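1. I would like to see how this sequence folds:
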Amino acid sequence: MPKLPNLLFAVSEAHPLIKTGGLADVAYSLTAALKPHVHEVRLVLPAYRAALAQAGHLEPIATLHVAGPDAPVRILEGDIPGSGVKVWLVDAPFYFDRDGGPYSDTHGADWPDNAARFAVFARAIVEIACGRAGISWRPDVVHCNDWQTGLVPALLALEPVRPATVFTLHNLAYQGLFDVDVFQALALPAALWAPEALEFHGRVSFLKGGLIFADRLTTVSPTYAKEIQTPAFGYGLEGLLAHRARHLTGILNGADYGVWDPAHDPLIAQHYGPHTLHLKAVNKDVLQRQLGLPQISDAPLLGLIGRLVEQKGIDLLLAALPALLKHPLQIALLGSGEKHIEQALLNAAVRHPRQIAVHIGYSEELAHRIEAGADMFLMPSRFEPCGLNQLYSLRYGTVPIVRRTGGLADSVTDTNAAHLKAGTATGFVFDDATPAALLHTLERALALFRQPAHWRKVMACGMQQDFSWHRNARAYLELYREAQAERAATPAA
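-> Model (predicted):
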């Protein structure tokens, strides 16, 4: 059995340094969970301006010369606050030291040089992985995540001696597709311009680099691993993913209960647990007051946090609203996304101020307060590779209402008669991505809400589920061992 590895975890964002979504939470929580079980773990990401501001003390430990930037690239070392995991920031100021987000500018438009930015990032990772960075530490496994690191397994595959590689696909909808002239401008090796490499219908796909060349592939739930091998979810890559099915594993993301647990959450007004469910009502009262909703304790409060885009099924909710609002309920929404969806929700809140509150943007404090204060949580996603908020909602006794897809299917047990009788029901699940199916399921939930004894059983069952990272990290450790063993048995390139 190979030794537990030195692990280099490569990612484009990590909480609390920089965050646009769940990927940042995964990077933070998974590396912290893996830290006690590997020799050493290093987390590497770009030195964005925002990340530098959050990182605290950083020490330059290496200077690299890679294709692309005119100036050398530095590696800055620090610690991820709260986890103690060592972080390396790839400091290429021309590409990363700018206002805006990691992928887009202050107006929400993709950076036009994203291909060059993440090619520089990938090349720096390759230099570290191959021991050419002037750093004494070398990884046994490089774990890459999403298209922004897709070039790493492809470039490493051309090296005569390299570490094992694992590539995690968090959302196949984002592929890192660029025009053919980008391939030429980046001076990528000619061998990578082929259908069995980076070429995808006449364009270059960074994502394919990970999917084809990594020793092991993972995605973030067992159901999503099956879904992406079908035309409905595969985005034209279903054949490749089916071909690599033997090396593809679905591992459900975990919840960081050090951050998301109502028993000790510092961001909520009242702590509570499975045996003190009555105290959850205090958080509902506080949330209603904060959002300007009438403080009606017996009106069910529905929460929704996330990107306001079609993938998340927000249009289904908008279509169902006229019928839904005939019921005495309230809705609290937090998120941002497509402008027309944002505006439609804001308009609905203006028309129904006693029933709907909308906050456009993101607030960590408000997210925690919605999880603690809502009675139900809406996730009507058309597809959802894993989802994290349904895991948080279960722990907070905020009964999730989800579509049966991806990680939602793997983590929520429908409250039908059989599951209710068996005491295994944790939420409400529907199949069809239609307003009618969502409305019918919401009405099922509202009917059970009016039966407090049954409702409390569903709440308590959800709160007792264990979706901790410490459990799921074991699956990654086994995968690292498999990748190492296969790499050791493969002749050098």
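
2. what is the burial count for the residue lying closest to residue 49 once chain neighbours are set aside?
-> With C-beta to C-beta, 6 or more residues apart in numbering as the criterion, residue 49 has its nearest non-adjacent residue at 5.0 Å, and that residue is residue 97. C-beta: built from backbone N, CA, C; applies to glycine. Residue 97 has 15 neighbouring residues, counting by other C-beta atoms under 10 Å.

3. what sits against residue 97?
-> For residue 97, the contact set (C-beta atoms under 8 Å, 6 or more residues apart in numbering) comprises 47-49, 52.

4. and for residue 152?
-> With contacts defined as C-beta under 8 Å, 6+ apart, the neighbours of residue 152 are 10, 122, 125-126, 129, 142, 144, 165, 209-210.

5. nearest to residue 272 among these?
-> Within the contacts of residue 152, proximity to residue 272 (C-beta to C-beta) peaks at residue 10, which comes in at 38.7 Å.

6. test my guess that the closest one contacts residue 141.
-> No. Residue 10 is not in contact with residue 141 according to C-beta atoms under 8 Å; the separation is 10.7 Å.

7. per-residue confidence averaged over the top helix by length along the chain?
-> Among the elements of type helix in the chain, defined by DSSP state H, the one spanning the most residues is helix 469-489. The pLDDT scores in helix 469-489 average 90.

8. what's it in contact with?
-> Outside of helix 469-489, the residues that reach it under the criterion C-beta under 8 Å, 6+ apart are 1-2, 4-5, 7, 29-30, 32-34, 37-38, 140-141, 143, 162-166, 215-216, 218, 249, 251-256.

9. just the buried residues from these, in PyMOL please.
-> Here is the PyMOL command that selects the buried residues among the contacts of helix 469-489 (16 or more other C-beta atoms under 10 Å):
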select buried, resi 2+4+5+7+29+30+32+33+34+37+38+140+141+143+162+163+164+165+166+215+216+218+249+251+252+253+254+255+256
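
10. low pLDDT regions in this structure?
-> Low-confidence segments of the chain, defined by pLDDT under 70, are located at 1-3, 491-493.

11. tell me the domain ranges of it?
-> Taking automatic domain parsing as the criterion, the chain consists of the domains 6-254+470-489, 277-466.

12. show me where the stretch 101-250 of the chain has its helices.
-> Using DSSP state H, counting those that start in this stretch, the helices of the stretch 101-250 of the chain run over residues 114-129, 151-156, 180-185, 206-213, 222-227, 231-234, 238-243.

13. please read the previous query as pertaining to the stretch 351-493 of the chain.
-> Shown for the stretch 351-493 of the chain, the helices assigned by DSSP H, counting those that start in this stretch span residues 364-373, 389-395, 406-411, 417-422, 435-449, 452-463, 469-489.

14. out of those, the one nearest residue 90 is which?
-> Nearest to residue 90 among these is helix 469-489 (22.6 Å), distances taken as C-beta to C-beta.

15. now the closest one: buried residues?
-> 469-470, 472-473, 476-477, 479-484, 487.

16. ditto for stretch 427-443
-> If you call a residue buried by 16+ other C-beta under 10 Å, then stretch 427-443 has these buried ones: 427-430, 433, 435, 437-439, 441-442.

17. ok, of the residues you listed, which one's closest to residue 87?
-> residue 427 (35.6 Å).

18. that older thread, just send the helices of the stretch 101-250 of the chain back as a markdown table, with distance to residue 318 too.
-> What follows is those, written out as a markdown table (distance: least, C-beta to C-beta, whole Å):
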| stretch | distance to residue 318 |
| --- | --- |
| helix 114-129 | 31 |
| helix 151-156 | 39 |
| helix 180-185 | 37 |
| helix 206-213 | 31 |
| helix 222-227 | 25 |
| helix 231-234 | 23 |
| helix 238-243 | 30 |
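
19. just name the most buried of these.
-> Ranked by mean neighbour count under mean count of other C-beta atoms under 10 Å, those are led by helix 151-156, which reaches a mean of 27.

20. who does whichever strand or helix holds residue 302 touch, helix- and strand-wise?
-> Secondary structure from DSSP states H and E places residue 302 in strand 301-308. For strand 301-308, the contact count by 3 or more C-beta pairs under 8 Å, 6 or more residues apart in numbering; DSSP states H and E identifies helix 280-291, helix 314-324, strand 330-337, helix 339-351, helix 364-373, strand 376-379, helix 389-395 as packing neighbours.

21. who does the third one pair up with?
-> Applying DSSP bridges to the sheet, strand 330-337 is found paired with strand 301-308 (parallel), strand 356-360 (parallel).

22. pick the most deeply packed of those.
-> The highest average neighbour count among these, using mean count of other C-beta under 10 Å, belongs to strand 301-308 at a mean of 24.

23. what comes into contact with that strand?
-> For strand 301-308, contacts defined as C-beta under 8 Å, 6+ apart pick out 21, 284, 287-288, 293, 312, 314, 317, 329-338, 341-342, 345, 360, 367, 370-371, 373-379, 389, 393, 398, 401, 442.

24. got it, and stretch 234-247?
-> Applying C-beta under 8 Å, 6+ apart, the external contacts of stretch 234-247 come out as 172-173, 175, 200-201, 207-208, 211-212, 214-217, 228-231, 248.

25. which residues of the stretch 51-200 of the chain fall in strands?
-> Under the criterion DSSP state E, counting those that start in this stretch, strands of the stretch 51-200 of the chain are mapped to 59-64, 73-79, 86-91, 141-145, 164-169, 177-178, 199-200.

26. the fifth one: how far from the chain's middle?
-> Think strand 164-169. With C-alpha atoms, centre = their mean, to the nearest Å as the basis, strand 164-169 stands 16 Å off its chain's centre.

27. wait, what's in contact with residue 277?
-> For residue 277, the contacting residues are 397, 456, 459-460, taking C-beta under 8 Å, 6+ apart as the criterion.
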